[in-house]
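S.K.: Below are the sequence and a predicted model for it; my questions follow.
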Amino acid sequence: MIKDIKDRADSVLVKTYKRFPLFVKEGSGCRLWDYDGKEYIDFVAGIAVCNLGHANPEIADAVCKQAKKLFHVSNLYYTKPQVDLASWLVKNSFGDRVFFCNSGTEAVECAIKLVRRYFVLKGETNRYKILSMEKSFHGRTMGALSATGQEKLKQGFYPVLDGFDFIPFNDIDALKTKDLTDVCAVIVEPVQGEGGVCCPDEDYLQKVREICNKAGILLIFDEIQTGMGRTGKLFCYEHYNVVPDIMTLAKALGNGVPIGAMVAVSDIADAFTPGAHASTFGGSPIITASALKVAEIFERDNIVGKCKKTGEYFVKQLEHLKSKHKCIVDVRGKGLLLGMKLNIAGNTIVNRCMEKGFLINCIQENILRFIPPLIIEREDIDALISCLDSLLQNENL
Ligand SMILES: *Cc1c(COP(=O)(O)O)cnc(C)c1O
């Protein structure tokens, strides 16, 4: 059976993914099981997606209930779950208006289109450039890819979109000295996720905000990975005493259903008039029903507060590991978006962990990333830590 899945995958799927030999059959909470019944504790959570765990029964019920009523109608009509979810996002963020789409990259596309159009409508047609950060990740469609500061992801796809420029992340002088006359917006992840779990200095984003204000340009926070409680606040910008004009969300918003959202303040959002932008599936009832249940559970169970506490505990354990193992060079991150940099290749550790029943992820060759469901228990963290402890013991020799 497993061999059949693998053989067919190898012959019928486009080869975009280098997959681990793990055949996931089902999940519950922080656990996954393969077809042999082997159990894994999941510190990947579908890349920071399943914040409330796998196959969450309450969310499953909400989706089933909605599915029996109405899957989808066109955005030519009103549906209540979409409006309820937008209301929740507006109530709980800086934003006034929401556009729903189906993924992170689409939320970024939406933001790119909006900032360009905002300045065109203001008559400042020369302001079309978007300033992004080196090592950033914003998605794979052409616009979002053009905004992504990683050369290797663009190989083979040139020419990418015109009008993007890059500066080093967390380097305020690089922004200060930039000519901003033709720039319409700065886009930045409050904590860089794919780039290596990189947190900026405490005052960096505030200073970026000040420079944007002075230059009369917009600030976009890509919170696709950092949003929905992941960093110990509902949205990561809350850590830094700063608000953007536009924020992109996706990943954990629906706990696993495909959803993206762009949140914006109203005078900027108003640059989108009827017909300016659209999505067939965006904000459909079945998808927004899932996200609404996520929102309800977040509030009822204080998921964000729990994430903060659990994250602090997790970091302490990782720091303790670092004090014991020379191959660990850095521990960083916020909440349950954590990274541990090694001076050895990370992939062997990832593979060994998988053998022992733990799923972790490696980014940028040597940074282990831990992004478990926010409901993870200390016992599960302890189990991973002791697994890492014994694996790294051997690496140190
Ligand atoms: C994952 C991610 C994206 C892309 O989201 P997709 O849903 O894969 O298109 C964009 N920005 C950030 C910060 C992300 O982490």
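M.R.: Looks like it came in fine. Values in this document were obtained by computation on a predicted structure and should not be read as measured data.
S.K.: Kindly report the domain assignment for this structure.
M.R.: Domain assignment for the chain by automatic domain parsing gives 2-55+302-392, 58-300.
S.K.: of all those, which lies closest to the ligand?
M.R.: The ligand lies closest to domain 58-300 among the domains of the chain, at 2.2 Å (C-beta to the nearest ligand atom). (Each C-beta comes from the backbone N, C-alpha and C, glycine too.)
S.K.: Is Thr132 within a helix or a strand, and which one?
M.R.: Careful, residue 132 is Ser and not Thr. Using DSSP states H and E, Ser132 maps to strand 129-133.
S.K.: strands paired with that strand, and their directions?
M.R.: Note on strand 129-133: by DSSP bridges, its sheet partners are strand 164-167 (parallel), strand 183-188 (parallel).
S.K.: What residues sit buried inside whichever helix or strand comes after it?
M.R.: As assigned by DSSP H and E, the chain's next helix or strand after strand 129-133 is helix 142-146. Using 16 or more other C-beta atoms under 10 Å as the test for burial, helix 142-146 gives 143-146.
S.K.: near the ligand, which residues of the stretch 51-200 of the chain?
M.R.: 103-105, 108, 137-139, 189, 193-194 (C-beta under 6 Å from any ligand atom).
S.K.: now the helices for the stretch 101-250 of the chain?
M.R.: In the stretch 101-250 of the chain, the segments counted as helices under DSSP state H, counting those that start in this stretch are 104-121, 142-146, 151-154, 172-176, 204-215.
S.K.: what's the closest of these to Ile286?
M.R.: helix 104-121 (17.4 Å; C-beta to C-beta).
S.K.: Now the closest one: average pLDDT?
M.R.: Per-residue pLDDT over helix 104-121 has a mean of 98.
S.K.: Kindly report the same for stretch 365-377.
M.R.: Per-residue pLDDT values over stretch 365-377 give a mean of 98.
S.K.: Any part of that stretch near the ligand?
M.R.: No. Stretch 365-377 stays out of contact with the ligand when judged by C-beta under 6 Å from any ligand atom, the minimum separation being 10.0 Å.
S.K.: just to revisit the earlier point, for the residues of the stretch 51-200 of the chain next to the ligand, work out which two are farthest apart.
M.R.: Ser103 and Glu189 (16.0 Å).
S.K.: So for the two, which residue has more residues nearby?
M.R.: Set side by side, Ser103 and Glu189 show more neighbours around Glu189, with 26 against 18, by other C-beta atoms under 10 Å.
S.K.: quick one: the strand holding Ser132 to chain centroid distance?
M.R.: Centroid separation for strand 129-133 versus its chain: 19 Å, with C-alpha atoms, centre = their mean, to the nearest Å.
S.K.: and Arg332, what does it touch?
M.R.: Arg332 sits next to 197-199, 338-341 when contact means C-beta atoms under 8 Å, 6 or more residues apart in numbering.
S.K.: So it versus Cys198, what's the distance?
M.R.: 7 Å (C-beta to C-beta, to the nearest Å).
S.K.: pretty sure Glu26 contacts Ala55?
M.R.: Yes. Counting by C-beta atoms under 8 Å, Glu26 touches Ala55, with 6.9 Å between them.
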